[in-house]
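Using only what follows, build the 3D model:
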Amino acid sequence: MPGEKIFLDTNIIVYAYDVSAGEKHLIARKVMVDLWDSGNGLLSTQVLQEVFVSVTRKIQKPLDIIRTKEVVSDLMKWDIFINDSETILGAIDIHQQYQYSFWDSMILYAAINGGASTLLSEDFACGQTVLGTKIKNPFSNSLTSE
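Residues are numbered from 1 along each chain as shown. Just a heads-up that it's a prediction; the model follows:
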């Protein structure tokens, strides 16, 4: 919906830059373009850090550091949720209640408290709503039927 913030998990951004990811690359690129066009993208400092590490080390054709710095700099034009000490404590609560890993709980906390209506990720239970934020997997066929 127009104006609703969409939080992207690291994996979506990484696929957008991983040309070897096939269909996931195409879908992730479209998600990114749509969010650039709408201005509704939301990230956290954790996601920016993870993007840097992942696209320089973990994809088949890593980006060089200069290009990756440009990518991160561009992404910093989106709304950014700053992780702080409250984030850590909130993530512990989410981890305890929902049994997500601590790092995934940090992502979820940032999405919720950053005001995202939706968290796009392939690492969470698709279709679950946590404290008002709906989790969707953009690579799932079920997403197209919503």
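
C-alpha from now on. contacts and neighbour counts both.
Fine.

Number of residues surrounding residue 128?
12 (other Cα atoms under 10 Å).

quick one: contacts for the closest residue in space to it that isn't next to it in sequence?
Nearest residue to residue 128 in three dimensions, chain neighbours excluded: residue 135, at 5.5 Å (Cα to Cα, 6 or more residues apart in numbering). Counting by Cα atoms under 8 Å, 6 or more residues apart in numbering, residue 135 touches 118-121, 124-129.

Distance of residue 135 relative to residue 19?
25 Å (Cα to Cα, to the nearest Å).

returning to what we had before: who wins on neighbours among the contacts of residue 135?
When neighbours are counted by other Cα under 10 Å, residue 119 leads the contacts of residue 135 with 28 neighbours.

Going toward the C-terminus from the lowest-mean-pLDDT helix or strand in the chain, what's the next helix or strand?
Sorting the helices and strands of the chain by mean pLDDT, DSSP states H and E puts strand 129-130 at the bottom, at a mean of 95. The first helix or strand that comes after strand 129-130 along the chain, using DSSP states H and E, is strand 133-136.

Please identify the pairing partners of that following strand and their relative orientation?
According to DSSP bridges, strand 133-136 forms sheet pairs with strand 116-120 (parallel), strand 129-130 (antiparallel).
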